[in-house]
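Chemist: Give me a 3D structure for the following:
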Amino acid sequence: MPWSPCSPPPTPATETVALPADVNDIGLQRPSRGDVGSGWPIGRGATARMRRTAGWYAMSSQKVADIIASALRAYDLGDVREIVAVPGEHANRPHRVETDVGRFFVKVLSGRLAAPAVLETRHAFIQHLIEHRVATPAIVPTRSGDTWAAADGGVVEVYEWIDGAALAPGDHCQAVDGGWLLLDLHSAAESFRPSAPGAKRDWLTPDGDLAKLERVEQQVRTYLPAPEVIEQMAYVRHCLTDSARVLAEADLKTHMIHGDFTCANLLLGPKRGLFRSRHRHVTDFDFCHVGPRILDLAVLGLDIARASPDPSAAEARISDVIDDVYGLGMMAQESEVRAMDAALRRVAIHQELERGSSFDRIAALLERCRAGYRFPD
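Modeler: Predicted structure coming up:
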């Protein structure tokens, strides 16, 4: 049956691969490629991003396993007991590594994410945050003191393992925790000066998303869409160009930002006592770059909006994060608050196009964004 952008995507299969003979008791799985000739663009959402930014399909699963086993020899981690792929769709193929020394979080990167200038800037930013007491996993150095190891065409990063669960955007208290984490991160980021030009991105330029939108529109039109779908297409295009214009004209504070500040990248540690608070950590800085900090707020706000039962609940929860947390921290500027609606719409379209969402879903989320935050008078 031919694929339509308005139909649900196929369920990705998984495949287990053979592993290096010198590494024992390792399990590794990844989504299979599926039918490349079908209309579905080889996976959905984060998988599509993997393919473009991290070279996900540039290497076979066997190659990924070989790279991990080879690169770990550059570290003083003791004997490897187990390497297990972290569940879910990720752009950096993370694995949990158990050794005689302890437990570690390992990423395998390629493409732009593995460029030396990008790696150096990202690692310097992480170290800067740690020095400013922002809770984030520390990078484990190699024996020679490097912060990454190259092995057979891939780049490997090793981080300390953090026990915990991702923050739940539908939980009001945890959503507010995310706001406090972002406040800490941006407060520290203001004093960071990246030296490498690779850290800069012209993310607000709508050209890339407009090109994606045009490709999807062409696919939809081949199926003779209903009039309401054509209206939704026009509405999404208008929101994309209008939100990009508003953000381009606004006077926005710019510095190093996280770039993917979703609740999935925020960990809440285990409770260690009846009256002790749980530690909160920010993880996954693969897409950090210099840009308007309002984008991090918008990414977090969208997580909250998607998890809210209705637009009124979304409005209250997003307001609590932006006004009560970020505002009380003396961070939010008036221009940022007034541009928040545009930022929410801009990020919503970008994320949903990445996920291959249908136009009715994108239009519904945009309507929720409009109700999700209103700047105070």
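Chemist: Break this protein into its domains for me.
Modeler: Domain segmentation of the chain under automatic domain parsing yields 14-161, 166-372.
Chemist: Ranked by average pLDDT, which of these falls at the bottom?
Modeler: When these are compared by mean pLDDT, domain 14-161 comes last with a mean of 72.
Chemist: Any chance of JSON lines for the domains of the chain, columns mean neighbour count?
Modeler: Any C-beta I mention is one placed from the backbone N, CA and C, and that applies to glycine too. Shown next, in JSON lines, are those (neighbours: other CB atoms under 10 Å):
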{"stretch": "domain 14-161", "mean neighbour count": "17"}
{"stretch": "domain 166-372", "mean neighbour count": "18"}
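Chemist: How about residues contacting the longest helix along the chain?
Modeler: For the chain, the helix with the greatest residue count under DSSP state H is helix 227-249. The contact list for helix 227-249 (CB atoms under 8 Å, 6 or more residues apart in numbering) reads 6, 204-206, 209-210, 213, 217, 220, 225, 292, 294, 339, 342-343, 345-346, 349, 359-360, 362-363, 366.
Chemist: Now, these that are in strands?
Modeler: Assigned to strands by DSSP state E, the following of the contacts of helix 227-249 qualify: Pro292.
Chemist: How about the contacts made by Ala298?
Modeler: So Ala298 contacts Met340, Ala343, Leu344, Arg346, Val347 (CB under 8 Å, 6+ apart).
Chemist: any idea how far it is from His172?
Modeler: Per CB to CB, to the nearest Å, Ala298 is found 19 Å from His172.
Chemist: for Leu266, same thing?
Modeler: Distance, Leu266 to His172, using CB to CB: 15 Å.
Chemist: same question, Ala234
Modeler: Relative to His172, and taking CB to CB, Ala234 is found at 36 Å.
Chemist: Kindly report the same for Ala135.
Modeler: The gap separating Ala135 from His172 is 21 Å, by CB to CB.
Chemist: One more: Ala115?
Modeler: Per CB to CB, Ala115 is found 40 Å from His172.
Chemist: Then Ala149?
Modeler: For Ala149, the distance to His172 equals 42 Å [CB to CB].
Chemist: Same check on His186?
Modeler: In this view, His186 and His172 are 22 Å apart by CB to CB.
Chemist: How about Lys253?
Modeler: Per CB to CB, Lys253 is found 27 Å from His172.
Chemist: try Thr99
Modeler: Separation of Thr99 from His172 (CB to CB): 39 Å.
Chemist: and Val155, what is it in contact with?
Modeler: Residues counted as contacts of Val155 (CB under 8 Å, 6+ apart) are Val108, Leu109, Ser110, Leu113, Ala114, Leu119, Trp148, Ala149.
Chemist: Mind doing that once more with 6 Å?
Modeler: By CB atoms under 6 Å, 6 or more residues apart in numbering, Val155 lies in contact with Leu109, Ala114, Trp148.
Chemist: Okay, and which of these map to strands?
Modeler: Among the contacts of Val155, the members found in strands (DSSP E) are Leu109.
Chemist: between the contacts of Val155, which is nearest Leu182?
Modeler: Leu109 (24.5 Å; CB to CB).
Chemist: ok, now which ones touch the closest one?
Modeler: So Leu109 contacts Asn92, Val155 (CB under 6 Å, 6+ apart).
Chemist: Specify the beta-bridge partners of it.
Modeler: For Leu109, the beta-bridge partners under DSSP bridges are Val155.
Chemist: now do Glu98
Modeler: On the basis of DSSP bridges, Glu98 is bridged to Glu82, Arg103.
Chemist: Can we start the residue count at 797 from this point?
Modeler: In the new numbering, first residue 797, that becomes Glu894.
Chemist: if I look at it, how far off is Gly874?
Modeler: Separation of Glu894 from Gly874 (CB to CB): 10 Å.
Chemist: ditto for Pro933
Modeler: In terms of CB to CB, Pro933 sits 19 Å off from Gly874.
Chemist: all strands for the chain, in order.
Modeler: Under DSSP E, the chain gives strands at 810-812, 825-827, 876-881, 891-895, 899-905, 945-947, 950-956, 961-962, 1050-1053, 1062-1064, 1076-1078, 1085-1088.
Chemist: what about those, which gets the closest to Leu1098?
Modeler: Counting by CB to CB, Leu1098 lies closest to strand 1062-1064 out of those; the figure is 13.9 Å.
Chemist: Does that closest one pack against any helices or strands, and if so which?
Modeler: Using 3 or more CB pairs under 6 Å, 6 or more residues apart in numbering; DSSP states H and E as the contact test, no helix or strand touches strand 1062-1064.
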